[in-house]
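Q: test case, fold it:
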Amino acid sequence: MTIKLVLAGCGNMGYAMLSGWLKSGKLPPAAVFVIEPNADLRKRAEALGCSAAADAGGIPADAVPALVVIAVKPQVIRDATAAYRRFNDGRTTFVSIAAGTPVATLEAILGDRAPVVRCMPNTPAAIGKGMMVVFSNRLVSIDTKRFVVDLLSASGEVTDLDDEGLMDAVTAVSGSGPAYIFHFIEALTVAAEKAGLPAETARLLAMQTVYGAASLAAESGEYPGVLRQQVTSPNGTTAAALAVLMGEDRLTNLLTEAVEAARLRSIELGK
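A: Have a look, this model is predicted:
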């Protein structure tokens, strides 16, 4: 079968996206060629039925993939992207998921004929619950953009932006956001243990409460503030806890500070 997609990098995010594409049937394994220098990571891609090589030189000489997905760390994005310059004749679209790396950087490496899509996914993509945001340069056709969005939808929700300058904020909110939630679960677990609950019970209560509340927020269609009010009885236990979290906008201010720190770091990485 003709290679339709080259995946450059099969680390945690690359593997999560690859798994989603294959499980959903968006792509058959034979249509994907994986480039991964780490032998162990390369083997797990091969275990899914994909062909793989340690570097771009292993891609068949006659291959003209529709997409090259660059799923490497921002620190190595320049060298990693340069290895695929042979596909910069306009027939291949490049999709980058490197945080903080602007489209202009990729265009400078690949040339002004390369269609480029910048994407910011997050780790829940591994279970089809991710959030992907894309920005495309002027050379990406409408049909190609639809194909990319459809492919990414195997891993969760997808939306696009017209202003690339907002991608650093996207990185700070949804890209890094899962780590904030994981830490919240950790913190709630510690609080539960200090309240006297056994460790395993504390962990289960914290995790399931976050999962259930997020699911309810997603499925109810109600604004989160309305749901908060619905569960908060005047002078009740929830009101007492929220007085601590919401007093002087403590939690809002803390998250705002955290998101801004991540946004600024994303900008630094882009430089």
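Q: the longest strand in this protein is where?
A: Of all the segments of type strand in the chain, defined by DSSP state E, the longest one is strand 130-136.
Q: just checking, next helix/strand downstream of that strand?
A: Of the helices and strands lying after strand 130-136 in sequence (DSSP states H and E), the nearest is helix 142-152.
Q: Pro60 belongs to a helix?
A: No - Pro60 is assigned coil when assessed by DSSP: H, G, I helix; E, B strand; the rest coil, not a helix.
Q: ok, it to Leu27 distance?
A: As defined by Cβ to Cβ, to the nearest Å, Pro60 lies at a distance of 17 Å from Leu27. Every residue, glycine included, has its C-beta placed from N, CA and C.
Q: which one's more surrounded, the two?
A: The neighbour comparison of Pro60 against Leu27 (other Cβ atoms under 10 Å) goes to Leu27, with 19 against 11.
Q: what does the model give the closest residue to that one other than its chain neighbours for pLDDT?
A: Leaving aside its sequence neighbours, Leu27 sits nearest to Trp21 (Cβ to Cβ, 6 or more residues apart in numbering; 4.7 Å). Trp21 is assigned a predicted lDDT (pLDDT) of 90.
Q: the helix or strand hosting Trp21 - contacts with which helices or strands?
A: In the assignment (DSSP H and E), Trp21 maps to helix 12-24. Contacts defined by 3 or more Cβ pairs under 8 Å, 6 or more residues apart in numbering; DSSP states H and E place helix 12-24 against strand 5-8, strand 32-35, helix 39-47.
Q: go through the ones you listed and pick out the most buried.
A: Highest mean neighbour count among the helices and strands packed on helix 12-24 (mean count of other Cβ atoms under 10 Å): strand 32-35, with a mean of 26.
Q: and that strand, how far out from the chain middle?
A: Centroid displacement of strand 32-35 relative to its chain, using Cα atoms, centre = their mean, to the nearest Å, is 19 Å.
Q: show me what it is packed up against.
A: Packing partners of strand 32-35 (3+ Cβ pairs under 8 Å, 6+ apart): strand 5-8, helix 12-24, helix 39-47, strand 51-53.
Q: format the helices and strands packed on helix 12-24 as CSV; extra columns: mean pLDDT and distance to Asp163.
A: As requested, the helices and strands packed on helix 12-24 are exported to CSV (pLDDT from 0 to 100; distance: least, Cβ to Cβ, whole Å):
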stretch, mean pLDDT, distance to Asp163
strand 5-8, 96, 27
strand 32-35, 97, 31
helix 39-47, 96, 34
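Q: adding distance to Leu245, write these out as JSON lines.
A: Below are the helices and strands packed on helix 12-24 laid out as JSON lines (distance: least, Cβ to Cβ, whole Å):
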{"stretch": "strand 5-8", "distance to Leu245": "42"}
{"stretch": "strand 32-35", "distance to Leu245": "44"}
{"stretch": "helix 39-47", "distance to Leu245": "40"}
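Q: out of these, nearest to Arg91?
A: Between Arg91 and those, the tightest spacing by Cβ to Cβ is seen for strand 5-8, at 12.8 Å.
Q: alright, that wraps it up for me.
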